[in-house]
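Asker: would you be able to build a 3D model of this:
(one chain, ligands or ions: 2)
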Amino acid sequence: MSSSVVPVAVVGAAGRMGATTCAAVEEADGLELVARIDAGDDVGAAVRDSGALVAVDFTVPAVTEANVHAILDAGAHAVVGTTGWDEASRSRVVEHLDRLNAGREDGLGVLIAPNFGLSAVLAMTFAAKAARYFESAEVVELHHPNKVDAPSGTARHTAAAIAAARADAGLAPSPDATESGWEARGADVDGVRVHAVRLRGLVAHEEILFGNVGEQLTIRQDSFDRASFMPGVLLAVREVVGRPGLTVGLEHVLDLT
Ligand SMILES: NC(=O)c1ccc[n+]([C@@H]2O[C@H](COP(=O)([O-])OP(=O)(O)OC[C@H]3O[C@@H](n4cnc5c(N)ncnc54)[C@H](O)[C@@H]3O)[C@@H](O)[C@H]2O)c1
Ligand SMILES: O=C(O)C1=N[C@H](C(=O)O)CCC1
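Answerer: Ligands and ions are numbered 1, 2, ... in the order given. Modelled structure (predicted):
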């Protein structure tokens, strides 16, 4: 393996996204797939023994944080697509990175992105820009019925960005006269209602709805094939090595912030 080639391990390699990522890495110039890791494997040992410089995690919410700690202890950077992260789990990763990187110039990096798809990242960016101008905002996410978590990580990331923009603009809560049947109003993510649809035939889709008197703005993105996520995954693999610490969201790598 020449020194310019980046060795990459994939964790969750037998899954929908992991298998797609393995194929993409094998096809990519300058990257070499050195490990396919899945349930039952010792993630840290497999990453360390493979000599991977970067490990990509597409597993399940219940295990992704533990996998990232194991990847870091194995001396590799992590690119994480698995969803289910919250402020507490992200903080524990930051603490781990701070300990490992103390005094180092070339510290380890972790890049977590709820969505690596360009259309999704742009939709989230446009929504954050539009949010301050509308009285009402709601998010609808639509996915295949094999998805284990709801709302999606993309919808949570979108709603959090909308909520931050609304707070920055000093907006009042969106109007809602609901008195009963709150279970039909969807999840409350930072004060933004998020609705989840699961339907055979779908892959990954999101609609962001903004409303004012007499008008509506709808921002929609569709991922019809998991190939749509791969340019972003490969970009993250190449970028994470030079980004010590925790980066959350591909928008920071696409110069959209
Ligand atoms: N960021 C993005 O762009 C993006 C895109 C699609 C999916 N996702 C997320 O990626 C995750 C995986 O989605 P999927 O559709 O590939 O799921 P999947 O169920 O098809 O794949 C998950 C894989 O992880 C493996 N696994 C489970 N526990 C493990 C462990 N402890 N160690 C190693 N491997 C383990 C499973 O055996 C399986 O092969 C989900 O959280 C999903 O929300 C993110
Ligand atoms: O297929 C999935 O599962 C997806 N999960 C991510 C999310 O939860 O936002 C990204 C879209 C596809």
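Asker: A113: neighbour count?
Answerer: As a burial measure, A113 scores 27 neighbours (other Cβ atoms under 10 Å). Using the backbone N, CA and C atoms, a C-beta is placed for each residue, glycine as well.
Asker: list the residues that contact it.
Answerer: 79-81, 121, 232, 236, 248-250 (Cβ atoms under 8 Å, 6 or more residues apart in numbering).
Asker: which of these sits closest to ligand 2?
Answerer: Within those, proximity to ligand 2 (Cβ to the nearest ligand atom) peaks at G81, which comes in at 7.3 Å.
Asker: that closest one touches V56, doesn't it?
Answerer: Yes: judged on Cβ atoms under 8 Å, G81 makes contact with V56 at a distance of 7.1 Å.
Asker: among these two, which residue is more densely surrounded?
Answerer: The neighbour count for G81 versus V56, taken as other Cβ under 10 Å, is higher for V56 (32 against 25).
Asker: so what strands line up beside the host helix or strand of the more buried one?
Answerer: V56 belongs to strand 54-57 when assigned by DSSP states H and E. Looking at strand 54-57 with DSSP bridges, its partner strands are strand 6-11 (parallel), strand 77-80 (parallel).
Asker: spatially, what comes nearest to the residue most central in space within the chain if we skip its sequence neighbours?
Answerer: A centroid search over the chain (Cα atoms, centre = their mean) returns P114, at 1.4 Å, as the residue closest to the centre. Distances taken as Cβ to Cβ, 6 or more residues apart in numbering put G153 closest to P114, at 3.3 Å, once the chain neighbours are dropped.
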